[in-house]
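>>> Have a look; sequence and predicted model below, questions after that.
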Amino acid sequence: MLQRRVGVIARDLNRTSSPRSYSQIIPQYHPKVRAIPFAFSKEAAIRHVGVAASAGCFFRDFVGSLGAKYIGGNFQPIQPIRIQPVYFPAWFLDAEVESYLTDEDDERQRIVTAYFNDWYLPGATFGLLGRLALRNDQVEPALAVPFSQRLTHQHGSDVICMPYTISPLDVISSTRSSSFNHATSDDDARFQPRFIKTNIEVAYPVLIPLYLVQFPMVQPFESTFVIEAYSQPGRFFIQVSNAPELPEEQRFDLEKYIGYDYLFLGDTPSSHAKTRVLAPKYDRNASENVASWFDGLFSEPGGAEKLIHPKGAVGVNVHMDDPRVREWTPEEVNSIREWMNQGQAIVQLKDVVKNLTSIEDQMQSGSVKVIQWPSSDPKQGSQNAPAFLEAFIKAELDKLQKLEKSRADTAPEWWRRREEKQTLKK
């Protein structure tokens, strides 16, 4: 439901008479910070959103906006009051954690392993920008380059570079103190954040290219368009301040409405966390609900503000030296993902061995009787069940042992050293 909220981004842009004066001081980013270059110019950005902007301005310059977007030539789209390219700081995270899932009906606890890939956290708070997950599946490490001074001027425009004021390294600690009421995986089970054990966590600092655009809306309404600029014009968001309260049947939904004070267009919105929960089998409901829980922690107004480092950009820059902060490169990301994939295979293989061993125990006790075990080779026919099962379990245990050794041997060296230091401190 639309609510009357202050448009923070629009207000801040209105207060900034000279965009360049806002960005005179370029943050001294840590060498680990990488940036995605702007994929298109501000003129292309205006053409991309011109039709939607015209519709919001009582169809001012609608024909020109329509022609500029779909035909080109001499068509002129509606012109904004101002447009500003911005580098917004973000964090991409990969993590493997363990915790308990408590079944509500019998209070039985079971260990679950959760895998987070491409978890998104804002690196700063700036109204709506601190709440949105500003990346989609097209954003890959190959797009990013080390940040340098030349990136502060692209496509003929100066780029505002926002400093990092949020560090993700305390996020796990923050989730441990989160309310259990928001940590429910389904109606019958409860995820317990305070028992989280981290097997690995990696944080990648990445600057996201955005265009912030304001158009001449009819007073007293104002709007700010947030255009993702890391690939050809696609998704964008519209924040409307002083939005009117409208009855259900009168609401104007351009494509898909989400949130309390903004519209989302161009594609489906991104979740803050891609989650895969093994309990020990893949649990779709738990995966979706844990991801939803993390979305709720950071996407609601005020959520990102809870993560601001007490020393601001200076404090975050010190955190950049932590070995868990890595450069977002294909080599770094792929090596971590491969190691995490081995962890998933181990969890699932352990479950197979556990179930087969249980069948074997029941056969030996006489509670279960299996006369014959089907062979994987049709020419061999059925086999003696106890002997085949014993041999099969042994083969799976050998496979598990080799997989565990491989994972131990290929653990990232920086993580191994960190874990050794943590062990010595205990």
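Okay, I see it.
>>> Would you mind stating the distance between Phe215 and Ala45?
Counting by Cβ to Cβ, to the nearest Å, the gap from Phe215 to Ala45 is 12 Å. To be clear about C-beta, it is placed using only N, CA and C from the backbone, and glycine gets the same treatment.
>>> Return the distance of Ala273 relative to Gly56.
For Ala273, the distance to Gly56 - Cβ to Cβ - is 32 Å.
>>> With Ala291 instead?
Look at Ala291 and Gly56: by Cβ to Cβ, they are 32 Å apart.
>>> Mind jotting down where the helices sit in this protein?
Assigned by DSSP state H, the helices in the chain fall at 8-15, 19-22, 42-56, 62-70, 171-176, 284-299, 312-319, 330-365, 385-409, 413-425.
>>> Buried deepest among the ones you listed, which one?
Mean neighbour count (mean count of other Cβ atoms under 10 Å) peaks for helix 42-56 among the helices of the chain, with a mean of 22.
>>> what's the average pLDDT for that helix?
What helix 42-56 shows for mean pLDDT is 84.
>>> which outside residues touch that helix?
60-62, 64-66, 68-69, 77-80, 83, 85, 155, 157, 211, 213, 215, 217, 223, 225, 227, 229, 233, 236, 238, 254, 265 (Cβ atoms under 8 Å, 6 or more residues apart in numbering).
>>> Filter those down to the buried ones, ChimeraX style.
Listed next is the ChimeraX selection for buried residues among these, using 16 or more other Cβ atoms under 10 Å:
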select :60,61,62,64,65,66,68,69,77,78,80,83,85,155,157,211,213,215,217,223,225,227,229,233,236,238,265
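>>> what about Tyr204, how many residues close to it?
Neighbourhood size, Tyr204 [other Cβ atoms under 10 Å]: 24.
>>> Would you mind measuring from it to Leu424?
Distance, Tyr204 to Leu424, by Cβ to Cβ: 27 Å.
>>> can you check Ser231 too?
46 Å.
>>> Likewise for Leu134?
From Leu134 over to Leu424 the distance is 39 Å, taken as Cβ to Cβ.
>>> what does Arg131 give?
Distance from Arg131 to Leu424, counting by Cβ to Cβ: 40 Å.
>>> got it, and Asn334?
From Asn334 across to Leu424, the span is 30 Å (Cβ to Cβ).
>>> before we move on, what about Pro330?
Counting by Cβ to Cβ, the separation of Pro330 from Leu424 is 33 Å.
>>> With Ile227 instead?
Ile227 is 49 Å from Leu424, by Cβ to Cβ.
>>> now Val49
Distance check for Val49 against Leu424: by Cβ to Cβ, it reads 55 Å.
>>> Thr329 too?
Applying Cβ to Cβ to Thr329 and Leu424 gives a distance of 30 Å.
>>> those strands in the stretch 1-150 of the chain, which residues are they?
34-35, 82-103, 109-122, 145-146 (DSSP state E, counting those that start in this stretch).
>>> Nearest to Tyr164 among the ones you listed would be which one?
Of all the strands of the stretch 1-150 of the chain, it is strand 82-103 that lies closest to Tyr164, at 4.6 Å by Cβ to Cβ.
>>> what angle separates the closest one from helix 330-365?
Counting by axes from the mean of the first three to the mean of the last three Cα atoms, to 10 degrees, strand 82-103 lies at 20 degrees to helix 330-365.
>>> Strand 82-103 pairs with which strands?
Here strand 82-103 is paired, per DSSP bridges, with strand 109-122 (antiparallel), strand 160-161 (parallel), strand 189-214 (antiparallel).
>>> Report the mean per-residue pLDDT for the shortest one.
In this case it means strand 160-161. On average, the pLDDT along strand 160-161 is 92.
>>> The first one too?
When the per-residue pLDDT values of strand 109-122 are averaged, the result is 83.
>>> The last one too?
Per-residue pLDDT over strand 189-214 has a mean of 82.
>>> buried set for it?
For strand 189-214, burial by neighbour count (16+ other Cβ under 10 Å) applies to 189-191, 193, 196, 199-214.
>>> Lowest average confidence across helices and strands of this structure, where is it?
Ranked by mean pLDDT, DSSP states H and E, the weakest helix or strand in the chain is strand 256-258, scoring a mean of 33.
>>> separation between Leu318 and Tyr164?
Quick fix: residue 318 reads Val, not Leu. Taking Cβ to Cβ, one finds Val318 at 11 Å from Tyr164.
>>> measure the residue nearest to Ile78 when sequence neighbours are not counted to Arg284 for me?
By the measure of Cβ to Cβ, 6 or more residues apart in numbering, the closest residue to Ile78 outside its immediate chain neighbours is Asp61, 4.0 Å from it. Distance, Asp61 to Arg284, using Cβ to Cβ: 47 Å.
>>> where are the low-confidence patches of the stretch 151-300 of the chain?
By pLDDT under 70, the low-scoring segments of the stretch 151-300 of the chain are 170-195, 217-222, 240-267, 279-280, 297-300.
>>> Is Ser99 bridged to anything, and to what?
Beta-bridge pairing for Ser99 (DSSP bridges): Val112.
>>> and it, what pLDDT?
On the pLDDT scale, Ser99 gets 78.
>>> switch to numbering from 51
That works, and once the first residue is 51, the last one we named lands at Ser149.
>>> Just confirm it contacts Ala164, I think it does.
Yes - applying Cβ atoms under 8 Å, one finds Ser149 in contact with Ala164, separated by 7.1 Å.
>>> Pick out whichever of those two has more residues nearby.
Neighbours around Ser149 and Ala164, counted as other Cβ under 10 Å, are more numerous at Ala164. The numbers are 25 against 21.
>>> Report the separation between that one and Phe344.
Separation of Ala164 from Phe344 (Cβ to Cβ): 10 Å.
>>> Determine the residues that are contacts of both of the two.
Residues touching both Ala164 and Phe344 (Cβ under 8 Å, 6+ apart) are Thr325.
>>> Next up, phi/psi of Phe88, please.
Main-chain torsions, Phe88, degrees, to the nearest 10: phi -70, psi 130.
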